[in-house]
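Enquirer: Requesting a structural model of the entry that follows:
(one chain, ligands or ions: 2)
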Amino acid sequence: MPQKKGGIMVILSSPSGAGKTTLVKLLAKKNNFYISVSHTTRKPRLNEADGKDYFFVTDEEFKRLIKNQEFLEYAKVFDNYYGTSRTPVIQNLEKNQNVIFDIDWQGADQIKNKKMDYKLITFFILPPSKKVLFERLSNRDMKDKLIAEERMKQFDRDVLHWINYDYIVINDNLEDCFLKIQKLIDAEVNNGSRDYDKDFVKNHVEKLIS
Ligand code: ADP
Ligand code: 5GP
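Expert: Numbering: from 1, shown residues only. Ligands and ions are numbered 1, 2, ... in the order given. This next block holds a predicted model:
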């Protein structure tokens, strides 16, 4: 296989509320990853800051960015547009800086299909149960119960995309989940042995969608 160049790309996707944003922040902090900050047409949550969590833009601005081909990938998710800017990602990868992405399955597919010259590792995060997922969504989106309900409805459809990821990890205890991802990244980079049970994951998905 040809040698990959530059930094590595790590994608975390999940059904909404499973914890990928929390995990991305933790992984970035502890492993010095550059977090790709996306553009979105969604309105900010109470604790979100422009330029840090997202670049919050209007529909018009988003369309302008698409037209100028500024996105590495973009997709419509829950009635809003989300996209990854190409330039900061490539600049960081070229500097040997590892980059981490919190994007949905559509974005992960687009990046995978680009077959870029950088090593790519993809993770799909699952909640321990639907009950826990609903609790997490309700806590996060306290202002608007409808959002939590809407995102729960989407769960059964989103979860089916687990099959296209390199690794599926269950986010029950946050620290355990973080350590598991960290070890898998380390094993991928250093060609070490992977502590990963595919059958366990399959059974867990079946339980979640039954
Ligand atoms: P996502 O980005 O997948 O939509 P978030 O990272 O926003 O999910 O997490 C959803 C909510 O669940 C947040 O309020 C977060 O603090 C909480 N959360 C994330 N992981 C855990 C965990 N392992 N245990 C308990 N709460 C968690
Ligand atoms: P949220 O509104 O909860 O922040 O994110 C909703 C969904 O959009 C999540 O699945 C998140 O991973 C995804 N998302 C965030 N940024 C991007 C992006 O740049 N591209 C794509 N394709 N999805 C994104």
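
Enquirer: which bits of the protein sit near ligand 2?
Expert: 13, 16, 38, 42, 73, 75, 77, 82-84, 102-104, 106-107 (CB under 6 Å from any ligand atom). For every residue, glycine as well, the C-beta is placed using N, CA and C.

Enquirer: redo that, cut-off 8 Å
Expert: Counting by CB under 8 Å from any ligand atom, the chain comes close to ligand 2 at 12-17, 20-21, 36, 38-40, 42, 45, 53-54, 71, 73-75, 77-78, 80, 82-84, 101-108, 110, 151, 158.

Enquirer: Quick check on the residues you listed: which are buried?
Expert: Neighbour-count burial (16 or more other CB atoms under 10 Å) applied to the residues of the chain next to ligand 2 gives 12-17, 20-21, 36, 38-40, 42, 53-54, 71, 73-75, 77, 82-84, 101-105, 107-108, 110, 151, 158.

Enquirer: and those residues, which of them are in helices?
Expert: In this view, these that belong to helices under DSSP state H are 20-21, 105, 107-108, 110, 151, 158.

Enquirer: which of those residues sit farthest apart?
Expert: 110 and 151 (21.8 Å; CB to CB).

Enquirer: Which neighbouring elements make contact with the lowest-mean-pLDDT helix or strand in the chain?
Expert: Scoring the helices and strands of the chain by mean pLDDT, DSSP states H and E places helix 145-158 at the bottom, with a mean of 86. On a contact count with 3 or more CB pairs under 8 Å, 6 or more residues apart in numbering; DSSP states H and E, helix 145-158 meets helix 130-140.

Enquirer: what does the average pLDDT come to for the helix it packs on?
Expert: Helix 130-140 comes out with an average pLDDT of 91.

Enquirer: ok, and does that helix reach over to ligand 1?
Expert: Yes: residues of helix 130-140 contacting ligand 1 under CB under 8 Å from any ligand atom: 132, 136-137, 139-140.

Enquirer: Same check on stretch 34-52?
Expert: No: using CB under 8 Å from any ligand atom, stretch 34-52 never reaches ligand 1; the gap is at least 9.0 Å.

Enquirer: Tell me, how many residues neighbour the nearest residue in space to residue 126 that is not next to it in sequence?
Expert: In space, residue 126 comes closest to residue 170 once its chain neighbours are excluded; the distance is 5.1 Å by CB to CB, 6 or more residues apart in numbering. Residue 170 sits with 20 neighbouring residues when counted by other CB atoms under 10 Å.
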